[in-house]
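Peer 1: Got a predicted structure plus its sequence, pasted below:
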Amino acid sequence: MSIPQSGGGPIESHDQLAGYLESGCKPKDAWRIGTEHEKFGYCRDTLRPIPYEGERSVLAVLEGLRDLHGWAPLEEGGKLIGLEKDGANVSLEPGGQLELSGAPVETIHETCDEVNAHLRDVKDIADKVGVGFIGLGAAPQWTHEQMPMMPKGRYKLMDAYMQKVGTMGRTMMRRTCTVQVNLDFASEADMVQKFRVALALQPVATALFANSPFFEGKPNGHKSWRSRVWRDLDADRTGMLPFVFDEGFGFEQYVDYALDVPMYFVYRDGEYIDALGMSFRDFLKGQLPALPGEKPTLSDWADHLTTIFPEARIKKFMEMRGADGGPWRRLCALPAFWVGLMYDQSSLDAAWDLCKGWDAETREALRVAASVDGLQARVDKIDMHELAREVVAISEAGLTARVRSGAGGLVPDETHFLNALKESVESGQVPADELLAHYQNDWHGDLDRIYAEYSY
């Protein structure tokens, strides 16, 4: 979940809303990669989730990163709730999941180095305090009652509202984790093509990264339970956004959509003011019940955009949001997958050619099937396994064409970051399949084994 945004001063005209999005356009040589990933912390002796405070806690980990690894503190209401260093942020998800929001970098080599350094630092502190961290799309055993709620005003408001607009919002907040990548666009036309590819092929990412087959101690019938949870969260702010594929779509049409998404809050002087269910359109007219007579700033608009949760979304950049949190290698594979598709025009064109004939029903059916069956999903004549094979090949071609070397030139390009996905394509097995095989065979149904064998 996002920290308060810095968008700018007063909104004086409607044009500024689309202008805010358009201001993110960058020439190709300025495109960057920002990787985010979340992970669950647990007490090693009890295998229960870590609380906010105490000897074995989220706070102990944050303080260790601050004191021993040079991170600067971010506080809310006198509570340490995040860290920042070198353009990156460490933040807390509602249930205590620890998130790295990486700095914008030029290559997958750099973003993977950042992920690796972060996980090493986290493990250093976690080992000292008796805590472990694991990358999964959903908490495999913990109940809602066992999950703590982090001391952030935004989450307190969301928690109450989630129960009114869907069945799984509070589950999403406390018991799911994701990995995502944030990418740039050059122009409105470039944004539109990338956005359409991102939404249409997000189910392929869901299938390849599916890693949440357990919930509350047993198999749940889905390869990606996290994806299933998102389907019953809040219809006003989630989903596959069919209007993005309409003729004439652009920044202004996304603004119209965002304005119709009910608000959560307004952030003022370190406090989150309850604006649950209120209209940003009313806010623009100075008629917001929570702040009568006051009009919004671009920072308010930027905050509002962070409360919209479709499978891909735009702010001043584009976020790919359809993958489960997972093992170390796949945290680097996710940005590689999307950079290969998005940052080379030939690959982007090839990806669009694959999916441009699908209608909204097909795209939604793929989303559902991917969450249930992973690479074994089928929708009409579309075989997810074969589709994933084609998409990974297109991504690999895009990474080859980028020619971004690493390790001082010893590694010629970024294609090796796709190796985990290529192995899945060859075997037809994704992380969820591997976990289920262990559970049914050598673990003999003992899900406690997952922590020792799959923690970072």
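Peer 2: Good, I have the coordinates.

Peer 1: which helices and strands sit right next to the helix or strand hosting residue 283?
Peer 2: Applying DSSP states H and E as the criterion places residue 283 in helix 280-284. Helices and strands touching helix 280-284, by 3 or more C-beta pairs under 8 Å, 6 or more residues apart in numbering; DSSP states H and E, are helix 251-259, helix 298-305. All C-beta spots, glycine's among them, are computed from the backbone N, C-alpha and C.

Peer 1: Now do the shortest one against helix 251-259, angle only.
Peer 2: Angle between the axes of helix 298-305 and helix 251-259 is 70 degrees (criterion: axes from the mean of the first three to the mean of the last three C-alpha atoms, to 10 degrees).

Peer 1: Offset the numbering so it begins at 680, please.
Peer 2: I'll keep to 680 as the first residue from here, and by that count the last item is helix 977-984.

Peer 1: Output the contacting helices and strands for helix 977-984.
Peer 2: Applying 3+ C-beta pairs under 8 Å, 6+ apart, we find helix 977-984 packed against helix 694-701, strand 944-947, helix 959-963.

Peer 1: Now mean pLDDT, mean neighbour count and distance to residue 1100 too, for those, in JSON lines please.
Peer 2: Listed next are the helices and strands packed on helix 977-984 as JSON lines, based on pLDDT from 0 to 100; neighbours: other C-beta atoms under 10 Å; distance: least, C-beta to C-beta, whole Å:
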{"stretch": "helix 694-701", "mean pLDDT": "98", "mean neighbour count": "18", "distance to residue 1100": "30"}
{"stretch": "strand 944-947", "mean pLDDT": "96", "mean neighbour count": "19", "distance to residue 1100": "38"}
{"stretch": "helix 959-963", "mean pLDDT": "98", "mean neighbour count": "19", "distance to residue 1100": "39"}
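
Peer 1: so can I have CSV of those showing distance to residue 905?
Peer 2: Shown next, in CSV, are the helices and strands packed on helix 977-984 (distance: least, C-beta to C-beta, whole Å):
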stretch, distance to residue 905
helix 694-701, 27
strand 944-947, 24
helix 959-963, 28
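
Peer 1: just to revisit the earlier point, what's the most buried one of the helices and strands packed on helix 959-963?
Peer 2: helix 977-984 (a mean of 22; mean count of other C-beta atoms under 10 Å).

Peer 1: what sits up against the helix holding residue 962?
Peer 2: With contact meaning C-beta atoms under 8 Å, 6 or more residues apart in numbering, helix 959-963 is reached by 690, 693, 937-940, 942, 945, 954, 967-968, 970, 974-975, 979-980, 983.

Peer 1: now that helix, how far from the chain's geometric center?
Peer 2: Distance, stretch centre to chain centre, for helix 959-963: 28 Å (C-alpha atoms, centre = their mean, to the nearest Å).

Peer 1: Excluding chain neighbours, give the residue nearest to the residue of the chain positioned farthest from its centre in space.
Peer 2: Going by C-alpha atoms, centre = their mean, the residue of the chain most distant from its centre is residue 972, 35.4 Å out. In this structure, residue 972 finds its nearest non-sequential neighbour in residue 965, 5.4 Å apart by C-beta to C-beta, 6 or more residues apart in numbering.

Peer 1: before we move on, back to that, what's the spacing between the residue farthest from the centre of the chain and residue 1135?
Peer 2: 50 Å (C-beta to C-beta, to the nearest Å).

Peer 1: and if you look at residue 744?
Peer 2: According to C-beta to C-beta, residue 744 stands 14 Å off from residue 1135.

Peer 1: Neighbour count: those two, which is higher?
Peer 2: Set side by side, residue 744 and residue 1135 show more neighbours around residue 744, with 21 against 16, by other C-beta atoms under 10 Å.

Peer 1: from memory that one sits against residue 802, does it?
Peer 2: No. Counting by C-beta atoms under 8 Å, residue 744 does not reach residue 802; the two are 11.2 Å apart.

Peer 1: Name all residues that sit in contact with these two at the same time.
Peer 2: Counting by C-beta under 8 Å, 6+ apart, residue 744 and residue 802 have no contacts in common.

Peer 1: how many other residues sit next to residue 1002?
Peer 2: Number of residues near residue 1002 (other C-beta under 10 Å) recorded here: 30.

Peer 1: doesn't the residue farthest from the centre of the chain fall inside a helix?
Peer 2: No. Counting by DSSP: H, G, I helix; E, B strand; the rest coil, residue 972 falls outside a helix, being coil.

Peer 1: if I look at it, how far off is residue 962?
Peer 2: Look at residue 972 and residue 962: by C-beta to C-beta, they are 11 Å apart.

Peer 1: ok, back up a step: out of the helices and strands packed on helix 977-984, the one nearest residue 1044 is which?
Peer 2: helix 694-701 (29.4 Å; C-beta to C-beta).

Peer 1: so where do the strands sit in the stretch 880-1029 of the chain?
Peer 2: Using DSSP state E, counting those that start in this stretch, the strands of the stretch 880-1029 of the chain run over residues 893-894, 897-898, 917-918, 944-947, 950-953, 988-989, 991-993, 997-1003.

Peer 1: so which of the helices and strands packed on helix 977-984 gets nearest residue 999?
Peer 2: Among the helices and strands packed on helix 977-984, helix 694-701 comes nearest to residue 999, with 16.9 Å by C-beta to C-beta.

Peer 1: Can you name every helix or strand that that closest one contacts?
Peer 2: Partner elements for helix 694-701 (3+ C-beta pairs under 8 Å, 6+ apart): helix 930-938, helix 977-984.

Peer 1: Would you check that residue 718 makes contact with residue 1134?
Peer 2: No. Contact criterion C-beta under 8 Å: residue 718 and residue 1134 do not qualify, at 9.1 Å.

Peer 1: shared neighbours of those two, anything?
Peer 2: Common neighbours of residue 718 and residue 1134 (criterion: C-beta under 8 Å, 6+ apart): 812, 813.
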